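> Give the three-dimensional model of this entry:
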Amino acid sequence: MRGTNASALRVSSSPRSRSHLDSIPISIPTPQTTPQTTPQTTPQTTPMTINVLILCTHNSARSVLAEGMLNHLAQTLGSNVKAYSAGSSPSGRIHPFALEALSNAGIETAGYRSKSWDEFTSADAPPLSIVITVCDSAAAESCPVFFGGNGQPIKVHWGYPDPSQAEGGDDGKRRAFELTRQAIGYRMLQLLSKPLETLTKTELQTSLLAIART
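Below you'll find the predicted structure:
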């Protein structure tokens, strides 16, 4: 073979060769990314409030103690229960020893009033889940029979002697009111220990009757 020009075998590093390479388009692939998805969240629903109406004749003593104790304990335990009280023939006056017993237990009594059960029979009244009468049928005391109420409530009787009729003057009455408050509180704690939101009406009735026997 004839002599080969060595310069022909070498890649030219001249400016012209570099500019030619620079003109070749280079495509850089775009990295594939996974689309970001927003986690699906389950809408939070507010549990239904369990409304409890406590009834007596005059709505001045036992029913007021029961309303105060149930609301206080429900708030303390974080239970979605709301108590109300009323009377079939309200006196229009709450017994001062009832307010005193609640206040001594650390329960706020501002706004309490003696009221008629008619307030819970109107169309805009809160739907009731439970109605409890607290008069003393054992002492032949007439107990109101409540036929109204939105929500077809379960009805039960939890009787207590009338503390306003206790003997021993004011000291005896004060003691009776305090003991009644404690007895009511014991039953209300049992009520709040039940899974009220999930019980059927039959199960709720059975539980309420069992508490009445304690």
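
> List of residues touching stretch 72-87?
Stretch 72-87 has contacts (Cβ atoms under 8 Å, 6 or more residues apart in numbering) with 47-60, 63-64, 66-68, 70-71, 102, 105-107, 114-117, 119-120, 126, 144, 185, 188-189, 191-192, 196-197. Placement of C-beta: from N, CA and C, glycine included.

> ChimeraX command for the buried members of the residues you listed?
Restricted to buried positions by 16 or more other Cβ atoms under 10 Å, the ChimeraX selection for the contacts of stretch 72-87 reads:
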select :50,51,52,53,54,55,56,57,58,59,60,63,64,66,67,68,70,71,102,107,114,117,120,126,144,185,188,191,192,196
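
> Tell me which of the contacts of stretch 72-87 fall in helices.
63-64, 66-68, 70-71, 102, 185, 188-189, 191-192 (DSSP state H).

> Do a quick rundown of the strands in the chain.
For the chain, the strands defined by DSSP state E cover 50-56, 81-87, 130-133, 154-157.

> JSON lines for the ones you listed, including mean pLDDT and distance to residue 174?
Rendered in JSON lines, the data for those read as follows (pLDDT from 0 to 100; distance: least, Cβ to Cβ, whole Å):
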{"stretch": "strand 50-56", "mean pLDDT": "96", "distance to residue 174": "19"}
{"stretch": "strand 81-87", "mean pLDDT": "97", "distance to residue 174": "20"}
{"stretch": "strand 130-133", "mean pLDDT": "96", "distance to residue 174": "24"}
{"stretch": "strand 154-157", "mean pLDDT": "95", "distance to residue 174": "26"}
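
> out of those strands, nearest to residue 95?
Residue 95 lies closest to strand 50-56 among the strands of the chain, at 11.1 Å (Cβ to Cβ).

> Okay, angle between the closest one and strand 81-87 too, please.
20 degrees (axes from the mean of the first three to the mean of the last three Cα atoms, to 10 degrees).

> re earlier: output the ones in helices among the contacts of stretch 72-87 as TSV; include the columns distance to residue 178.
Below are the ones in helices among the contacts of stretch 72-87 laid out as TSV (distance: Cβ to Cβ, whole Å):
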residue	distance to residue 178
63	17
64	14
66	14
67	17
68	13
70	17
71	18
102	10
185	11
188	15
189	17
191	20
192	21
